[in-house]
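A.B. asks: predicted coordinates and the sequence they were generated for:
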Amino acid sequence: MSNRDYDHISTFKDYNFIQGFLLKNLTWPLMFLSGTFIFFVSSKLFQFLGIIIIINHILVYYISKKTFINLGLLVLVLTISMYTSSYTSMFRYSYLALYFSMVLFFLNFEIKNFNKKNAIF
């Protein structure tokens, strides 16, 4: 899959295979999970989605004083970035995983809080 016109995030094809593979698979998941890709895309939709990711991180931390990013999410996003050739396609497949991880985080958060409130001792 080729890059879209609004996808200016490097695929590191100018480097040799090992360097490009490592750079792509370290930077793409970090940019996705942090929302910092908004500085590298020209699409208003991508910028809006990046701002939403950043706001979600802030709200989750404000509510729970924890982050919803876990090892499973990191491994999944890393695996998706290994199998995709453009950031747009990686974003498309990883976005669902990000929000599914957030839903699971809040389900576990509510269960833990419910168990603390209803504890006998």
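C.D. replies: In hand now; what should we look at? Residues are numbered from 1 along each chain as shown.
A.B. asks: what about residue 85, distance to residue 13?
C.D. replies: Distance, residue 85 to residue 13, by C-beta to C-beta, to the nearest Å: 9 Å. From N, CA and C alone the C-beta is placed, and that goes for glycine too.
A.B. asks: higher neighbour count, the two?
C.D. replies: When residue 85 and residue 13 are compared on other C-beta atoms under 10 Å, the one with more neighbours turns out to be residue 85, at 13 against 9.
A.B. asks: wait, a strand at that one?
C.D. replies: No: note on residue 85: no strand contains this position according to DSSP: H, G, I helix; E, B strand; the rest coil, which reports coil.
A.B. asks: assess the claim that it and residue 11 are in contact.
C.D. replies: Yes: taking contacts as C-beta atoms under 8 Å, residue 85 lies within contact range of residue 11: 6.8 Å.
A.B. asks: can you report how many residues neighbour residue 72?
C.D. replies: Each residue near residue 72 was counted by other C-beta under 10 Å, and the total is 11.
A.B. asks: do I have it right that it meets residue 101?
C.D. replies: Yes: counting by C-beta under 8 Å, residue 72 sits close enough to residue 101 to count as a contact (7.4 Å).
A.B. asks: centroid-nearest residue for this structure?
C.D. replies: For the chain, the residue nearest the mean C-alpha position is residue 33 (2.9 Å; C-alpha atoms, centre = their mean).
A.B. asks: name the nearest residue to that residue, sequence neighbours excluded.
C.D. replies: Ranked by C-beta to C-beta, 6 or more residues apart in numbering and with sequence neighbours excluded, the top spatial neighbour of residue 33 is residue 69, at 5.9 Å.
A.B. asks: distance of the one you found from residue 12?
C.D. replies: Taking C-beta to C-beta as the criterion, residue 69 is separated from residue 12 by 23 Å.
A.B. asks: list the buried residues for the host helix or strand of residue 90?
C.D. replies: Assigning secondary structure by DSSP states H and E places residue 90 in helix 87-117. Along helix 87-117, the positions that meet the burial threshold by neighbour count (16 or more other C-beta atoms under 10 Å) are 87, 88, 89, 90, 91, 94, 97, 98, 101, 102, 105.
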